[in-house]
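[1] Here is my input; please provide its structure:
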Amino acid sequence: MDSINKSEVARLLQQLEQECEALHRGLYGLASVVAHEIIRHRYQALGDYADELAKHVGQEQARDILVTTYSEKVR
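    Numbers count the residues shown, from 1 in each chain. Coordinates of the predicted model:
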């Protein structure tokens, strides 16, 4: 994997983590009465980032990264 792909993968991983953290705050934080539309948007963004990540690391690895990141940051 060349340095451009590595930096893109790193950026996508960071975006996944940030979306998961925001989702966790929305679901469990002080603002737990977040509108369903906002939560739906966060889940959609996670899927979009995972799709982009899959272009660089493959579908299976992208799914594993998403599940791991979600488990660590949201639950």
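
[2] okay, CA-based contacts and neighbour counts for the rest of this
    OK.

[3] where do the helices sit along the protein?
    Using DSSP state H, the helices of the chain run over residues 3-28, 36-57, 59-73.

[4] what angle separates the shortest one from helix 3-28?
    Between helix 59-73 and helix 3-28, the angle comes out at 40 degrees (axes from the mean of the first three to the mean of the last three CA atoms, to 10 degrees).

[5] Would you mark the buried spots in helix 59-73?
    62-63, 65-66, 69-70, 73 (16 or more other CA atoms under 10 Å).

[6] could you give the mean pLDDT of that helix?
    Averaging pLDDT along helix 59-73 gives 93.

[7] what's the answer for stretch 41-51, then?
    pLDDT averaged over stretch 41-51 gives 92.

[8] Run through who's touching that stretch.
    12, 15-16, 19-20, 22-23, 59, 62-63, 66 (CA atoms under 8 Å, 6 or more residues apart in numbering).

[9] tell me which residues of it are tucked away?
    42, 45-46, 49-51.

[10] Rebuild the residues you listed as CSV, extending it with distance to Leu27.
    Formatted as CSV, those follow (distance: CA to CA, whole Å):
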residue, distance to Leu27
Arg42, 11
Ala45, 16
Leu46, 15
Tyr49, 20
Ala50, 21
Asp51, 23
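
[11] Just flag the most distant two among these.
    Arg42 and Asp51 (14.3 Å; CA to CA).

[12] Quick one, grab the pLDDT at Glu17.
    The model's pLDDT for Glu17 equals 94.

[13] separation between it and Asp2?
    Glu17 sits 23 Å away from Asp2, going by CA to CA, to the nearest Å.

[14] Check Leu13 too.
    Leu13 is 16 Å from Asp2, by CA to CA.

[15] With that, I have no additional questions.
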